Structure formats: structure tokens, C-alpha cells
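1. My questions concern the predicted model and sequence given below.
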Amino acid sequence: MEIINAFVLLLNYTIIPALTYGSQLALGAIFVTLVYGILRFANFASGDMMSFGTMFAVLLTYYFQSIGINFGFLPTALLTIPFAIAMMILYMLTIDKFVFSYYRIKKSPPVQLAMVSVGVMFVTQAIIRIIIGPFDRRFLDGEKFILKASEFKEMTGLNEGLVFKSTQAITLVVTIIVVSIMFWFLNKTKTGTSMRAYSDNEDLALLSGIDPKKVVMITWIIAGILATIGGILYGLDKSYRPFVYFNNMLPIFAAAIVGGIGKPFGAFLGGYVIAFAEIFLTYAYKKFFVYLLPESLEPNSMVQLLSTDYKFAISFSILVLVLLFRPSGIFEGKKI
């Protein structure tokens, strides 16, 4: 029974949270790798664009709640996703038309476009703070738990209780659905094939009659969907604070690079690599070993490899190691 208690403990505090966090990072990493693979620049505004879409979800959730609209036992925020995606896509297409397209037409180097994206990042941050402010906001309603610790203990007779939050289940299910549809679109549709051809060889794609404006537009539309859904899932699971999304840019970029920049499936897996590394290396294993070891060998310290303060340092270290020893990414697979 002690081994089962130890496993439930890990499941509760590391495995389920890592799968949830990894799903949120994966959506952001695919967003980054799509923009890089097709538009050929590193978009440093990615985190704040996720925040921008989530901001509309927060505001619309509050509005729906104020007029008595809800989604039953599910979070009301799920009803706002189509509207938030529409606002995010409109913002992205506007930014592309008035900012990025100018440098794309001039055939500016990727470094210049990346620097322009830093400017877009600061502008987006300013807009968010003007509209909603910098404060922490929670917008989760409905049933918070699918399984409570007390219920699990009563069912199993174990000392350790398992908690499974509704936001965790929603994150996992929605991520699987969104990613599956996206990969089907990229691999099985004519437009997706055109996007991959444009990514592989822009000049040859143009000679083949592929419309570059359409490819760019579809890329931003997909990016808007991924950014908004990823941001909303993260906000529901934790809370919405604009600056946190800026901080998440590091693990998102690390996930994209670990998976191999320009490889959507690699970015998807990279999100889970970063999430599991951050959570497993910062978890305190004292109670875990108390369950497994005899009393004479039980640890007195927390048995924590790194403090949670070093969570982002883990992402940075993994990013640097991959760039040094395997810059093409640790996962094999075709590019967009």
C-alpha cells in the first residue's frame, strides 16, 4: 500500500500538473514554431499575444456572468473562446498588415523582424495594462474538482488523496482536440500542403502558383487560435496576470527549440519535456521517500533538487544545452 501511496503522491503533485502545464506550453510552442517556420522570424511577442487573447476571455466571462449566462458545471470562459479567438486574429492580422508586412516586402533579415516583434511585445503589454490593468484575476467558475482528495481516500482506503481539477481535464482534452485538428489540417488539406511547401522553399512555392498572402493570413489565423486557447487554458488552471505570460515566453521558446524549431510535432513534445523537467526537478520528495524507505532511512530534509525559484533557470539551461549539443532539436521529424 505504501508504494501505491507514493505513486498517488507523485501523480497528484508532479505527473498530472506536468501534463497540464506541458499542454499549455505545447500550444504556445507550436505557435512560435509555426511563425518561425513559415514567416521566418522569432516572435518575441508570443507570450503577450497569448495574454491579449486571454484578456478578452476574462472580460467576456465577467460580462456573461453579470447577465446570468453560464456553462453549467463547466467554466463560463469556454463560451468566450470563439469571441476571444476572433479578437486575437483581428489583432494579429492588423499588426501584420501595418508592421510585419512592411519588413517582409523589404525582405528584411530575420533578426530585424525579431527586433520588430520586441516592439510589438511592448505595445501589446501597454494595451493590455490600459484595458484590464496589471492585477491578478481569477475567472474560473463551475465545478472546480472532478475528483476530491477526501472522495479518493474514501473509495480506495489510501492515506494519500488524489485531486483531479476540472481545469486539468479541460486542458488535456482541449489540447488533444486542437493539436489533432491542426496536424490534420497541415498534412491532409490543400491549404496545409501549400503552407508546408512555402515553408520548405518560398521561391519554388511562388513559381507553383501558391498565394503568399493567403499563406501568411492562414498562418496568423492558426497562430491566433493556438495563442488564445493556450492562454485561456493557462489562465483557467492558475490565474490571469498579464506579466506571467511574458515570463512564460522563456519556457515556450525552450520547448520550441528542444523540439526543433520549425517542427510542430517536436514543439508539441518539447512542451512536455520542459514541463516535466521544471516540475520534477523542483518537487520536494521527502514524503515520497517516507512512503518507500524504512523509518531508519527516512530523510530529514525536503529532498528537493532545486528551489521553485529556479524553475525558469531549468528551462534556460535545457535551451542552452540543446543549442550547444543538438541545435536541430532532440526530436526527429519533418518540418512544417
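-> Happy to help now that I have it. Residues are numbered from 1 along each chain as shown.

2. Would you state the helices of the stretch 51-200 of the chain in chain order?
-> Secondary structure of the stretch 51-200 of the chain (DSSP state H, counting those that start in this stretch): helices at 77-95, 101-105, 110-131, 149-156, 166-188, 190-200.

3. and residue 289, which of the ones you listed is closest to it?
-> The closest of those to residue 289 is helix 149-156. By C-beta to C-beta, the value is 20.8 Å. Quick note: C-beta positions are derived from backbone N, CA and C, even for glycine.

4. then the closest one to CSV, C-alphas only?
-> Provided in CSV are the C-alpha atoms of helix 149-156 (Å, rounded to 0.1, in the frame of the first residue of the first chain):
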residue,chain,number,x,y,z
ALA,A,149,-8.9,14.0,-2.1
SER,A,150,-11.5,13.0,0.5
GLU,A,151,-13.6,11.1,-2.1
PHE,A,152,-10.5,9.3,-3.4
LYS,A,153,-9.4,8.3,0.2
GLU,A,154,-12.9,7.0,0.9
MET,A,155,-13.0,5.0,-2.3
THR,A,156,-9.6,3.5,-2.0
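
5. Now do the helix or strand of the chain with the lowest mean pLDDT: which elements does it pack against?
-> Taking mean pLDDT, DSSP states H and E as the measure, the helices and strands of the chain show their lowest mean at helix 202-207, namely a mean of 80. Packing partners of helix 202-207 (3 or more C-beta pairs under 8 Å, 6 or more residues apart in numbering; DSSP states H and E): helix 190-200, helix 212-237.

6. and among the helices of the stretch 51-200 of the chain, the most buried is which?
-> Sort the helices of the stretch 51-200 of the chain by mean neighbour count, taking mean count of other C-beta atoms under 10 Å, and helix 77-95 sits at the top with a mean of 19.

7. How far away from the center of its chain is stretch 225-236?
-> 7 Å (C-alpha atoms, centre = their mean, to the nearest Å).

8. and it, what's its mean pLDDT?
-> In this model, stretch 225-236 has an average pLDDT of 96.

9. got it, and stretch 293-305?
-> 85.

10. ok, and what's touching that stretch?
-> Residues outside stretch 293-305 that contact it (C-beta atoms under 8 Å, 6 or more residues apart in numbering): 281-286, 288-290.

11. ok, back up a step: could you dump the helices of the stretch 51-200 of the chain to CSV with mean pLDDT?
-> Formatted as CSV, the helices of the stretch 51-200 of the chain follow (pLDDT from 0 to 100):
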stretch, mean pLDDT
helix 77-95, 96
helix 101-105, 92
helix 110-131, 95
helix 149-156, 91
helix 166-188, 95
helix 190-200, 89
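
12. could you dump those to a markdown table with distance to residue 59?
-> A markdown table is the format used below for those (distance: least, C-beta to C-beta, whole Å):
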| stretch | distance to residue 59 |
| --- | --- |
| helix 77-95 | 8 |
| helix 101-105 | 29 |
| helix 110-131 | 8 |
| helix 149-156 | 33 |
| helix 166-188 | 19 |
| helix 190-200 | 32 |
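
13. nearest to residue 5, of these?
-> With C-beta to C-beta as the yardstick, what comes closest out of these is helix 149-156 (9.6 Å).

14. can you list contacts of that closest one?
-> For helix 149-156, using C-beta under 8 Å, 6+ apart, the contacting residues are 8, 158-163.

15. With just CA atoms, put the least confident helix or strand of the chain into PDB.
-> Listed next in PDB are the C-alpha coordinates belonging to helix 202-207 (Å, rounded to 0.1, in the frame of the first residue of the first chain):
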ATOM      1  CA  GLU A 202       9.400  30.100 -50.800                       C
ATOM      2  CA  ASP A 203      10.600  30.700 -54.300                       C
ATOM      3  CA  LEU A 204       9.600  27.300 -55.700                       C
ATOM      4  CA  ALA A 205       6.200  27.700 -53.900                       C
ATOM      5  CA  LEU A 206       5.600  31.100 -55.600                       C
ATOM      6  CA  LEU A 207       6.500  29.500 -59.000                       C
END
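
16. Give me the buried entries from the contacts of helix 149-156.
-> The neighbour count (16 or more other C-beta atoms under 10 Å) marks 8, 158, 160-163 as buried among the contacts of helix 149-156.

17. returning to what we had before: the contacts of stretch 293-305, buried ones only, as a PyMOL selection?
-> The buried residues among those can be selected in PyMOL (16+ other C-beta under 10 Å) with this line:
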select buried, resi 281+282+283+285+288+290
